[in-house]
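Asker: Could you look at this predicted model? Sequence included:
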Amino acid sequence: QVQLVESGGGLVQAGGSLRLSCAASGRTFSSYAMAWFRQAPGKEREFVAAINWINDSTDYADSVKGRFTISRDNAKNTVFLQMNSLKSEDTAVYYCAAGSFRLTRASDYKYWGQGTQVTVSS
């Protein structure tokens, strides 16, 4: 069982940066792939980034490549999402998720956080 709590969301101007954190409980955090998804009003939840548990390999949605960076600190049971050059279209609720493999579908992840709001003003 893994419990996830996101933090770090807020209001930022376009072009600015935010760093999201996801703190996980449970002794097996290091054996899970971790991911970030987001959901804007009226839209489906979409994949943002994921990081593997074996070799920290990463995967990103095309829309965030070069701007966002996912990382993890297994000693602190925390995964991060550094978001730079933010755009208004990045506005959404951002969710942290844990699963067995580094995949891009929401249905592939078993554990979810409650989400944190990110609002980018233009």
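Answerer: Looks like it came in fine. Residues are numbered from 1 along each chain as shown.
Asker: Please name the residues that touch the residue lying closest to Gln13 once chain neighbours are set aside.
Answerer: Excluding the flanking residues, the one nearest Gln13 by CB to CB, 6 or more residues apart in numbering is Ser121, at 5.4 Å. Glycine gets a C-beta too; all of them are placed from N, C-alpha and C. Counting by CB atoms under 8 Å, 6 or more residues apart in numbering, Ser121 touches 11-14, 88.
Asker: Now list the buried members of the residues you listed.
Answerer: Neighbour-count burial (16 or more other CB atoms under 10 Å) applied to these gives Val12.
Asker: Please render the contacts of Ser121 as TSV that adds distance to Gly26, secondary structure and pLDDT to the earlier fields.
Answerer: Formatted as TSV, those follow (distance: CB to CB, whole Å; DSSP: H, G, I helix; E, B strand; the rest coil; pLDDT from 0 to 100):
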residue	distance to Gly26	secondary structure	pLDDT
Leu11	31	strand	98
Val12	31	strand	98
Gln13	36	strand	98
Ala14	37	coil	98
Ser88	36	helix	97
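Asker: quick one: which of the contacts of Ser121 is nearest to Thr28?
Answerer: For these, the residue nearest Thr28 by CB to CB is Val12; the value is 33.6 Å.
Asker: So what touches the helix or strand where Ala97 lies?
Answerer: Under the criterion DSSP states H and E, the helix or strand holding Ala97 is strand 92-99. With contacts defined as CB under 8 Å, 6+ apart, strand 92-99 is touched by 2, 4, 6, 9, 20, 22, 24, 29, 32-40, 43, 45, 48, 79, 81, 106, 108-118.
Asker: C-terminal to it, what's the next element?
Answerer: Trace forward from strand 92-99 with DSSP H and E and the next one is strand 109-112.
Asker: so what does that next one touch, helix or strand wise?
Answerer: Where contact means 3 or more CB pairs under 8 Å, 6 or more residues apart in numbering; DSSP states H and E, strand 109-112 is packed against strand 92-99.
Asker: For the strand it packs on, what does the pLDDT average out to?
Answerer: Rounded to a whole number, the mean pLDDT of strand 92-99 is 96.
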